[in-house]
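Q: Quick one, fold the following:
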Amino acid sequence: MNLNVKFDGLELENPLMPASGPLVGDLEKLNFMQTQGVGAVVTKTISKVAAKVPRPCIYGDKYFVMNSELWSEYPSEVWLEEILPSFTKKQGQPLIISVGYTKDDMTMLIPLLEPFADGFEISTHYVGKDISVIQETVREIRRHTKKPLYMKVSPHIPDPVAFARAVREAGASGIVAINSLGPTLKIDIVRKEIIYGGSSGFVWTSGPAIKNLALATVYTIKQAMPDFTVIGVGGIASAEDVIEFHLAGASAVQMLSAAMLKGKDLYAKIIADLPVALEKHGFSSIQEVIDTQLEQHLSYIPRTLNVDTHKCTKCMLCKKICPYFAISFEEQITFNHDKCFGCELCVSKCPVKAIYTT
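A: Numbering: from 1, shown residues only. Coordinates of the predicted model:
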């Protein structure tokens with residue numbers, strides 16, 4: 001099974017890379033990512049000065065992470081003099097250096113980081129919504145490098161297509177979509193206090209809970225700009241998630257939060273699972289997934305619901321959640337087709353997949 005991907009002169013043995021964050025914050029962590037077999041290694045965001053991070057700073061729930069970490073806790077000198085010179089890149093595993101945040105930061109950092117990087121990712125989390133400012137930042141970076149350059153779009157940007165067009169015009173090679181969602185808030189009701197936040201009290205949310213927003217952003221940009229590279233990030237936790245992002249138009253993908261929720265070996269597991277998942281869904285390569293055009297069949301006529309009585313465990317979840325009061329139970333689950341609106345919530349929520357449509 002061919003997992004290779006190529007874009008903007010970069011060649012990756014597989015499409016999965018880590019997203020910038022806590023798991024790629026020093027030499028030990030970068031080396032660990034290599035052992036996981038990721039397609040490319042991405043660094044934590046490097047800025048001129050070290051970040052001062054309040055503790056605790058990471059909260060994990062079942063489907064999301066809330067994080068008040070900032071950029072790297074090491075100053076740029078540590079990266080330039082210790083971490084990056086000691087990191088040995090492997091063939092087929094490019095190094096993408098994440099950099100932040102202002103135009104002045106780029107003027108100083110890009111020339112110094114250039115010898116170590118195969119590409120750059122630029123976070124815009126703290127730059128604001130002014131696209132003209134972001135454009136000036138891209139132009140400044142382009143003055144110092146010809147290597148691939150990807151701007152990371154934050155969910156608070158009101159028009160991601162306008163953002164993508166603006167940064168392409170300024171010289172960007174593509175977009176990383178999306179950054180974590182925020183600001184968000186975590187409250188401890190026992191202690192009656194805000195926790196996991198910085199001075200503002202706010203945190204950023206990432207992980208499986210934001211997957212569908214990330215998919216929509218990737219798809220929206222690729223529909224408007226099919227020849228522009230988009231790297232998908234936000235909510236990936238399985239091989240099937242990787243395939244979904246490629247179907248939406250992503251050239252490669254990044255993951256971080258799910259590895260903090262499920263274990264750091266999730267990278268290797270997803271890469272090992274990809275060939276089986278691709279074959280299951282009728283694909284022979286990652287590129288074939290990327291080249292596939294999604295279909296949409298729009299209908300306003302509700303489908304007829306049925307239940308497989310051999311699978312049904314009579315848990316009654318469908319009856320409890322039906323918003324149209326169309327499900328009852330006598331000797332078995334029964335649907336009132338006059339009341340049923342055809343929303344199919346019950347189909348998606350049935351824990352044993354006993355409800356189906358015709």
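Q: for the closest residue to Y74 other than its chain neighbours, what are its contacts?
A: Of all residues beyond its chain neighbours, the one nearest Y74 is A50 (5.6 Å), with distances taken as CB to CB, 6 or more residues apart in numbering. From N, CA and C alone the C-beta is placed, and that goes for glycine too. Counting by CB atoms under 8 Å, 6 or more residues apart in numbering, A50 makes contact with 72-75, 78.
Q: out of those, which are inside strands?
A: Among the contacts of A50, no member falls in strands (criterion: DSSP state E).
Q: Mind checking which of those residues are buried?
A: With burial judged by 16 or more other CB atoms under 10 Å, the buried subset of the contacts of A50 is 72, 74, 78.
Q: Now flag whichever of these is closest to P155.
A: When the buried ones among the contacts of A50 are ranked by distance to P155 (CB to CB), S72 comes first, at 22.2 Å.
Q: Hmm, the closest one is touching I46, no?
A: Yes - with contacts counted by CB atoms under 8 Å, S72 reaches I46, the gap being 5.4 Å.
Q: Name the residues contacting each of these two.
A: Joint contacts of S72 and I46 (CB under 8 Å, 6+ apart) are W79.
Q: For the residue nearest to Y74, which three-state class applies?
A: Three-state assignment for A50 (DSSP: H, G, I helix; E, B strand; the rest coil): coil.
Q: can you check A214 too?
A: Applying three-state DSSP: A214 is helix.
Q: measure it to M255 for me?
A: 11 Å (CB to CB, to the nearest Å).
Q: shared neighbours of the two, which are they?
A: Common neighbours of A214 and M255 (CB under 8 Å, 6+ apart) are V233.
Q: Show me what counts as buried in stretch 159-171.
A: Buried-residue list, stretch 159-171, by 16+ other CB under 10 Å: 160-161, 163-168, 170-171.
Q: Distance from the chain centre to that stretch, please.
A: Computed by CA atoms, centre = their mean, to the nearest Å, the chain-centroid distance of stretch 159-171 equals 19 Å.
Q: swap in stretch 323-340?
A: 39 Å.
Q: now swap in stretch 346-358 and tell me
A: Counting by CA atoms, centre = their mean, stretch 346-358 is centred 28 Å from the centre of its parent chain.
Q: do the same with stretch 15-34
A: 15 Å.
Q: now swap in stretch 214-226 and tell me
A: With CA atoms, centre = their mean, you get 13 Å for stretch 214-226.
Q: Check what contacts that stretch and list those residues.
A: Contacts of stretch 214-226 (CB under 8 Å, 6+ apart): 153, 155, 160-161, 164-165, 168, 175, 177-178, 228, 230, 232-235, 244-245, 248-250, 294.
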